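>>> Dropping a prediction and its sequence here:
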Protein chains: 2
Amino acid sequence: MATFLAVGTPALAGTDPLPSWNEGRTKQAIVEFVQKTTDKASPTYVPPAERIVTFDNDGTLWPSHPIYTQLAFALDRIKTLAPRHPEWKNQQPFKAVLDNDMKTLAASGEKGMLELVMASHAGMSTAEFEKIVTDWFKTARHPRFNKRYTELAYQPMLELLRYLRANGFKTYIVSGGGIEFMRPITETVYGVPPEQVIGSSIKTKYEYTDGKPVLMRLPKINFIDDKTGKPVGINMFIGKRPVAAFGNSDGDRQMLEWTDAGKGARLMMLVFHDDARREYAYGPAQGLPNTRFGTFTQSLMNEARKKGWVVISMKDDWKVIFPFEK
Amino acid sequence: MATFLAVGTPALAGTDPLPSWNEGRTKQAIVEFVQKTTDKASPTYVPPAERIVTFDNDGTLWPSHPIYTQLAFALDRIKTLAPRHPEWKNQQPFKAVLDNDMKTLAASGEKGMLELVMASHAGMSTAEFEKIVTDWFKTARHPRFNKRYTELAYQPMLELLRYLRANGFKTYIVSGGGIEFMRPITETVYGVPPEQVIGSSIKTKYEYTDGKPVLMRLPKINFIDDKTGKPVGINMFIGKRPVAAFGNSDGDRQMLEWTDAGKGARLMMLVFHDDARREYAYGPAQGLPNTRFGTFTQSLMNEARKKGWVVISMKDDWKVIFPFEK
């Protein structure tokens, strides 16, 4: 409710709403954007109903390394289900998962990934899947930080989400990740309710048996909310163009282009992972190592520079990375 | 903003929030539902974040006769585009449209309808389509009431939408109609913003030419938000189960079942069109004439009675039908 009650009043006046951001051009760009879009006297004032901001999730709000959180879930799930599937012992890509053979798994490519996703994400009701996901997040831990995944939301981004909401912005997650994988935890972790989460999905089917309706999750792709899919998803779910968008990889490029193309004040930002010490460093932009989990190409870096999109350096712009560092 | 500021305070105390509803069991069911879900002392209290209510559009919030408003738009659009398509003069179902031959048009069935929809709704950008729709609503008039379609929202339902919002409920439209056909007018007509409109859709494709991104509307069905599609759409877009749902036809049956199956207080209502004098009368339930535009079967009527869903009689429950009658 604070979101709405705070509209029109100087939010958090006198205190720094972004204490985990180092002073500098990046932080300044955020504060200036908020000021010039919420001050009624500003020529670029944006009415509250149009204050739509979209955030990618993996690599933007929390880590996407060493592998996507959802892939870690899928691998754990395959292992949990393995006793019911003795055939997996001799069947790729399942064998690779059970053998912890990441090289063979990677070689299985997109087709292999799809098989893993369907085996771990389909074949149950939406309610059952929600429980499976919720239970997994209670116990699973990140292999490097040894924290629950839900404890790894980036502290500066949590402050940014709160700061935007305190100024009347409606914060959406627009992720290539699964919509029903994120929704059980986005409210608690990010303060983003289920109806403001957009993501990839498989098809569901309404079944009505014994007077009890269920939505069954089918092993069929419904929508891929990545790359060109992000503007499509934003238009489908929100029906408004965002005034600000936050990403971290080539998968977010079209979301930022789509946001940028609107009239009036805009803010496009990309988290660049250049901090191997505190988190991870990957590109391949700026000569950093390439990755399968959140590629940031030099071509994206060039587009960002050309268009004035703000590139956030984790190393230079963030005082702390995780809440537990405080 | 009134929605949120009013949470927790007796909304509109001392005045009747539903003046166009006749006193009786139907109106009482609405008021009692709101009281028992918003009173913190009530055992069936519902926290504001869970106060999700869904409304069908055609036949529930405005007329669906003599034909769906969107079909009237499609027919007008075909006529507007005809000079550019000389071949339509000899090609069904287009010939039937140009000849105002409704019998042949009806005989073209679903396949014919789909051809009309694609010819009138696809092949332009989302921005162009929004302008076409907005312009059409400015001038098109309902053939019987000789009012703009946007003036024909049912007055009792407008009061219901406002009453629910004043009590902290988030009102969604969940319609078989096209999502991008509704969104340009739902805020003005119903107070429902684009992000709370769920509907059928065709596929869109992101294109980036000359540095300008557009979403092009393709002649391919993406999603049909009707019958079993309604719970699927609700789950996809909102990720929460509604506590109340309002419909008027067999297309809304699964939405009401899905809503009903949740725990705690629920309200399911169906508008029954039994008022030929002031609006229309059709079923085929209760022996009223059958229709292609909002079928209400006896089977649905029986399910409603069995489950305690409230059937709204337009004739008996509504003091006035349209705002212009006041």
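Arrived safely. Numbering: from 1, shown residues only, chains lettered A, B, ... in the order given.
>>> ok, residue A:63 touching residue A:280?
Yes. The pair residue A:63 / residue A:280 is scored as a contact, 6.9 Å apart, by C-beta atoms under 8 Å. (Glycine included, C-beta is placed from N, CA and C.)
>>> can you pull out the helices in chain A?
A:2-5, A:25-38, A:69-81, A:94-98, A:102-107, A:109-121, A:126-139, A:155-166, A:179-190, A:229-237, A:253-260, A:298-307, A:314-317 (DSSP state H).
>>> so what's the closest residue to chain B within the stretch 201-326 of chain A up against?
At 3.1 Å from chain B, residue A:239 is the closest residue in the stretch 201-326 of chain A, using C-beta to the nearest C-beta. Shown in contact with residue A:239 (C-beta atoms under 8 Å, 6 or more residues apart in numbering or on different chains): B:179, B:180, B:183, B:194, B:195, B:197.
>>> which residues touch the third one?
If I follow you right, that is residue B:183. Taking C-beta under 8 Å, 6+ apart, we find residue B:183 in contact with A:239, B:130, B:194, B:197.
>>> which non-adjacent residue is nearest the second one?
Sequence neighbours aside, residue B:184 is the residue nearest to residue B:130 in space, at 5.4 Å (criterion: C-beta to C-beta, 6 or more residues apart in numbering or on different chains).
>>> Can you tell me how far residue A:46 is from chain B?
Distance, residue A:46 to chain B, using C-beta to the nearest C-beta, to the nearest Å: 15 Å.
>>> quick revisit: return the closest of the contacts of residue A:239 with respect to residue A:172.
Nearest to residue A:172 among those: residue B:195, at 8.8 Å, using C-beta to C-beta.
>>> That closest one contacts residue A:234, doesn't it?
No. In this structure, residue B:195 is not within contact of residue A:234 by C-beta under 8 Å, at 10.1 Å.
>>> more neighbours, those two?
Ranked by neighbour count (other C-beta atoms under 10 Å in any protein chain shown), residue B:195 and residue A:234 place residue A:234 first, with 25 against 19.
>>> Could you list the low-confidence segments of chain A?
Applying pLDDT under 70 to chain A flags residues A:1-13.
>>> now with 50?
Applying pLDDT under 50 to chain A flags residues A:1-11.
>>> on that earlier part again, of all the helices of chain A, which one comes closest to residue B:272?
When those are ranked by proximity to residue B:272, the top entry is helix A:126-139, at 31.3 Å, counting by C-beta to C-beta.
>>> now the farthest one out in chain A, which residue is it?
Taking C-alpha atoms, centre = their mean, the residue of chain A most remote from its mean C-alpha position is residue A:210, at 38.2 Å.
>>> Show me what from the stretch 151-300 of chain A comes close to chain B.
Contact residues, the stretch 151-300 of chain A versus chain B (C-beta under 8 Å from any C-beta of the partner chain): A:170, A:179-180, A:183, A:193-195, A:197, A:201, A:204-206, A:208, A:212-213, A:215, A:222, A:228-229, A:231-232, A:235-240, A:254, A:257-258, A:261.
>>> where's residue A:107 relative to residue A:89, distance?
Distance of residue A:107 to residue A:89, given as C-beta to C-beta, to the nearest Å: 18 Å.
>>> Isn't residue A:170 up against residue A:196?
Yes. In terms of C-beta under 8 Å, residue A:170 counts as a neighbour of residue A:196; the distance is 6.7 Å.
>>> Count residues in the vicinity of the residue of the stretch 51-200 of chain A at minimum distance from chain B, would you?
Here the stretch 51-200 of chain A gets closest to chain B at one residue, residue A:194, 3.1 Å apart by C-beta to the nearest C-beta. Residue A:194 has 20 neighbours, counted by other C-beta under 10 Å.
>>> Residues in a beta bridge with the closest residue to residue A:256 other than its chain neighbours, which ones?
Nearest residue to residue A:256 in three dimensions, chain neighbours excluded: residue A:268, at 4.4 Å (C-beta to C-beta, 6+ apart). Judged by DSSP bridges, the bridge partners of residue A:268 are residue A:245.
>>> Residue A:268 touches residue A:259, doesn't it?
Yes. Shown here, residue A:268 and residue A:259 form a contact pair, counting by C-beta under 8 Å, at 5.8 Å.
>>> Common neighbours of the two, please.
With contacts taken as C-beta under 8 Å, 6+ apart, residue A:268 and residue A:259 have A:244, A:245 as neighbours in common.
>>> These two: which has the busier surroundings?
residue A:259 (27 against 24).
>>> Could you list which residues are in contact with the residue nearest to residue B:130?
The contact partners of residue B:184, by C-beta under 8 Å, 6+ apart, come to B:130, B:133, B:134, B:137.
>>> One more: residue A:141?
Residue A:141 is in contact with A:147, A:148, A:149, counting by C-beta under 8 Å, 6+ apart.
>>> what's across from it in the sheet?
Under the criterion used (DSSP bridges), residue A:141 bridges to residue A:148.
>>> Tell me how far it lies from residue B:277.
68 Å.
>>> do the same with residue A:123
Taking C-beta to C-beta, one finds residue A:123 at 53 Å from residue B:277.
>>> ditto for residue A:218
On the measure of C-beta to C-beta, residue A:218 and residue B:277 end up 47 Å apart.
>>> These two: which has the busier surroundings?
Higher neighbour count among residue A:218 and residue B:277: residue A:218, with 14 against 9, using other C-beta under 10 Å.
>>> okay but that one is in contact with residue A:205, surely?
Yes. Using C-beta under 8 Å, residue A:218 is in contact with residue A:205, at 5.6 Å.
>>> Please name the residues that touch the closest residue in space to residue A:139 that isn't next to it in sequence.
Distances taken as C-beta to C-beta, 6+ apart place residue A:148 nearest to residue A:139, at 7.8 Å, with adjacent residues excluded. Contacts for residue A:148 were tallied using C-beta under 8 Å, 6+ apart; they are A:137, A:138, A:139, A:140, A:141, A:142.
>>> From these, list the buried ones, please.
Buried by 16 or more other C-beta atoms under 10 Å in any protein chain shown: A:137, A:142, out of those.
>>> Identify the farthest-apart pair in the contacts of residue A:148.
Largest pairwise distance in the contacts of residue A:148, by C-beta to C-beta, is 13.9 Å, between A:138 and A:142.
>>> List the contacts of the nearest residue to residue A:265 once chain neighbours are set aside.
By the measure of C-beta to C-beta, 6+ apart, the closest residue to residue A:265 outside its immediate chain neighbours is residue A:44, 3.8 Å from it. Neighbour list for residue A:44: A:36, A:37, A:264, A:265 [criterion: C-beta under 8 Å, 6+ apart].
>>> wait, residue A:320 sits on residue A:20?
Yes. With contacts counted by C-beta under 8 Å, residue A:320 reaches residue A:20, the gap being 5.1 Å.
>>> who has more neighbours, these two?
residue A:20 (22 against 15).
>>> List the contacts of the more buried one.
Listed by C-beta under 8 Å, 6+ apart, the contact set of residue A:20 reads A:155, A:156, A:159, A:318, A:319, A:320, A:326.
>>> likewise residue A:324?
By C-beta under 8 Å, 6+ apart, residue A:324 lies in contact with A:147, A:151.
>>> any idea how far residue B:106 is from the residue nearest the centre of chain A?
In chain A, the C-alpha nearest the mean C-alpha coordinate belongs to residue A:57, at 0.8 Å (C-alpha atoms, centre = their mean). Distance of residue A:57 to residue B:106, given as C-beta to C-beta: 48 Å.
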